[in-house]
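> Need coordinates for the below:
(2 chains)
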Amino acid sequence: MAHLPIVQFEEQIIRTVEDNSVVVVIGETGSGKSTQLSQMLHRHGYSKRGIIGVTQPRRVAAVSVARRVAQELGVKLGEEVGYAIRFEDRTSDLTRIKYLTDGVLLRESLSDPELSHYSVIILDEAHERSLNTDILLGLVKRLTKLRASNLKVLITSATLDGEKVSEFFSESPILNVPGKLYPVEVVYSRERPISYTESCLKTALDIHRKEPEGDVLIFMTGQDDIEKLVSKLENKIRGLEEGSCMDAIILPLHGSLPPEMQAGYVVDSGYVKQRQYNPSTGMYSLDVVQISKVQANQRAGRAGRTRPGKCYRLYPSLMYQDELLDVTVPEIQRTSLAGTVLYLKSLDLPDIDILKFDFLDPPSAESLEDALKQLYLIDAIDENGAITSIGRTMAELPLEPSLSRTLLEANENGCLSQALTVAAMLSAETSLLPNRSSKNNEKKRKQEPVELPTGSGYGDHIQMLQIYEQWDRNGYDIRWCRDTGLQERGMVFVKDVRKQLSQIMQKIAKGSTDVRANRRYRESEHDYRNLRKALCVGYANRLAERMIQHNGYRTIGFKPQLIQVHPSSVLKADDDGMFPNYVVYHELIATSRPYMRNLCTVEMRWVSPIFKKLENLDVSKLSGGLHRDVRNGEGKSLELTKKENVAARTPDDHESRVLAARERFLARKAQK
DNA sequence: GAGCACTGC
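As a prediction, the model looks like this:
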């Protein structure tokens, strides 16, 4: 510990914390800030009146840092030093230093908005600007005013961008702690890369042949490119003259492969694949974009962890200086905010105007209005933007709003156990299903793979339900997952999520519900009608309508977009080559084309309430009066038209009602 | 024959 650079600053740090309620600590990799700050404050008595909480963006970090600190203090993990991550709370009444993911701290603040158990909150790795960290920054800022006398806040960041955070916390002091990196020499390319994979290949081979021995770490944008480069490198290295240079081992490193690597050389392509959300179309896209200067410096830093290193940037230094953004666009500006807005609404902050919530980097008004619109469509807020009792209950569930809403509806519907399974399966996100085209899978397995259910023609949600039920029938045997090619780790995660959701739902429903996974399939229900109905209510903000005489769909409720069924979907066209008229989708994603991923067929008659709601939608009212003064009159006349229309309807004729509502909706759209 | 980068409750 004594060798960590931060230790020599202890006195200065404590003095600054004593005099200020917020302190920004800039410390590069290896400074020891994650393990030492908490211990320093503990030594100086800050853990006497409350817990010292340290947040981390990732679970592994929370666990490993807690373990280290417990070891350094010579205490048993879970006693004075503990951690809390989803599914795992290793703290006790003795705990004085608590490491936790920032998601867990957000959950805690739902039941304890002033975070009164804590005397100190350290937001670690704030430079990563994860969505949860950004929400916490805003909440903690409020707390420093509410609890000025008994709360200390430390924000740590690895970059030199501390001024902005300091400004946000009304000019709080910034402390700089040097890191423990070895020098890294940066080499730029003379020209911009034409094909960055080709440049990677060439540079890696050059390093291998000409530079002294060492490991090479290459930063690329995706699994596909990585796998291609690995096979190309293998071929080239094999082709090199024997004895002309050292042998090389080539290892792919991406999402599904856990280990962290040190390196002597870094090759930085200058690009990253980034996911971003477009609030006007409701669509995500995955784009290869230039990295920021911060990212470039972090990549270079990876060369200097264990000894001096070298970083090859496959782009000219002018491009670094003039084109790369200083910092990465924070996640809060790249994601759908429905969940975030619902969370904030459920906190009942006195300054209710979500559009004016104090974010370090505020998301666009458009993005917030999109979130409000979506929440309105699924009944989480009313037409004035106030949170409903449904919305309150939804916020208690660790799910995105559409799935929370589905669970509540399913609970009314008598199909909760099924909905729990679907919600848990979708929480796993990274595809659990075997990739049919993957050559490896087919070669590896000698015997015929076990056939998986295909959703009975109702789509991917139903397929997920059927798969999980089949696993249940097989006694949750992990070998069954292996035989069917399902992701084993992923399925275990689903089981954990399902258990957690079941417990919360039982609490909400006061224990009167049956959440057993095997409850439904023993009965004779084959059309999954109630479940699909519940999904239609939960996904009211994600509805698509098939175009006439056409197999493409049009999104409803967004700027209309032509979208296709994703090729990975189990939903196939019927015997006439047609898809169903209406579907709800889990996600819109533009890759080579705009696609809907994970869909469920719904019936026309269930869709009419959605059109009705869209018809009544007035975003200016939802956003708590932002434009209310200007549009007041217009809003009133619209109310009248709506009532007349309701009166004129024949209640029985569902189809014509849907069509009429749809027509009005489209007409209104065209007027705008 | 077209594909999903990370992470979290």
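> Spatially nearest residue to A:Ser300 (excluding sequence neighbours)?
One correction, residue A:300 is Ala, not Ser. Nearest non-adjacent residue to A:Ala300, counting by C-beta to C-beta, 6 or more residues apart in numbering: A:Cys311, 3.9 Å away. In this view, the C-beta of every residue, glycine as well, is placed from N, C-alpha and C.
> Name the SS class of that neighbour, please.
The three-state assignment at A:Cys311 reads strand, by DSSP: H, G, I helix; E, B strand; the rest coil.
> who's in contact with it?
Contacts for A:Cys311 (C-beta atoms under 8 Å, 6 or more residues apart in numbering) come out as A:184-187, A:265-268, A:299-300, A:303.
> at 6 Å what do you get?
By C-beta atoms under 6 Å, 6 or more residues apart in numbering, the contact list for A:Cys311 reads A:184, A:186, A:266, A:300, A:303.
> The last one against A:Val184, yeah?
Yep, that's A:Ala303 we're talking about. Yes - counting by C-beta atoms under 6 Å, A:Val184 is a contact partner of A:Ala303 at 4.8 Å.
> tell me, what's touching the two both at once?
Going by C-beta under 6 Å, 6+ apart, residues that sit against A:Ala303 and also against A:Val184 are A:309, A:311.
> Between the two, tell me which one has more neighbours.
Comparing A:Ala303 with A:Val184 by other C-beta atoms under 10 Å, the one with more neighbours is A:Ala303, at 30 against 19.
> List phi and psi for the more buried one.
phi -80, psi -10 (degrees, to the nearest 10).
> Without its sequence neighbours, what residue ends up closest to it?
A:Gly309 (2.9 Å).
> From the structure, what's the count of residues near the one you found?
Residues within reach of A:Gly309, counting by other C-beta under 10 Å, total 24.
> Ok, the one 10 residues further on next?
Counted by other C-beta under 10 Å, the residues lying close to A:Met319 total 18.
> Surely it is within a strand?
No - judged by three-state DSSP, A:Met319 forms no part of a strand; its state is helix.
> Tell me the residues of the stretch 151-300 of chain A that contact DNA strand B?
A:222-224, A:254-256, A:273-275, A:286 (C-beta under 7 Å from any atom of the strand).
> what about 10 Å?
A:220-227, A:252-258, A:272-277, A:284-286, A:288 (C-beta under 10 Å from any atom of the strand).
> Filter those down to the buried ones, ChimeraX style.
Burial among those is assessed by 16 or more other C-beta atoms under 10 Å; the matching ChimeraX selection reads:
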select /A:220,221,225,226,253,272,274,276,277,284
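> per-domain residue ranges of chain A.
A:5-177, A:184-329, A:336-395, A:399-534, A:539-671 (automatic domain parsing).
> want to try a markdown table for those, with mean pLDDT as columns?
Below are these laid out as a markdown table (pLDDT from 0 to 100):
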| stretch | mean pLDDT |
| --- | --- |
| domain A:5-177 | 92 |
| domain A:184-329 | 84 |
| domain A:336-395 | 90 |
| domain A:399-534 | 81 |
| domain A:539-671 | 73 |
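> check contacts around the nearest residue to A:Thr159 once chain neighbours are set aside.
Sequence neighbours aside, A:His127 is the residue nearest to A:Thr159 in space, at 4.7 Å (criterion: C-beta to C-beta, 6+ apart). Shown in contact with A:His127 (C-beta under 6 Å, 6+ apart): A:157-159.
> mind redoing it with 7 Å?
Applying C-beta atoms under 7 Å, 6 or more residues apart in numbering, we find A:His127 in contact with A:157-159, A:161, A:294.
> For A:Glu545, state which of those residues is nearest.
A:Val294 (43.0 Å; C-beta to C-beta).
> The closest one is in contact with A:Val329, isn't it?
No - look at A:Val294 against A:Val329 with C-beta atoms under 7 Å: they stay out of range, at 11.0 Å.
> So which of the two has more stuff around it?
It is A:Val294, of A:Val294 and A:Val329, that has more neighbours when counted by other C-beta under 10 Å, with 21 against 14.
> Now do the contacts for the more buried one.
Contacts here follow C-beta under 7 Å, 6+ apart; on that basis A:Val294 touches A:127, A:159, A:326-328.
> Buried subset of those residues, written for ChimeraX?
Only the buried entries of those go into this ChimeraX selection, using 16+ other C-beta under 10 Å:
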select /A:127,159,327,328
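> Looking at the contacts of A:Val294, spot the one nearest DNA strand B.
Ranked by distance to DNA strand B (C-beta to the nearest atom of the strand), the contacts of A:Val294 are led by A:Thr328 at 10.3 Å.
> What about the residue nearest to that closest one when sequence neighbours are not counted, how many residues nearby?
Nearest non-adjacent residue to A:Thr328, counting by C-beta to C-beta, 6+ apart: A:Ser292, 4.5 Å away. Neighbourhood size, A:Ser292 [other C-beta under 10 Å]: 17.
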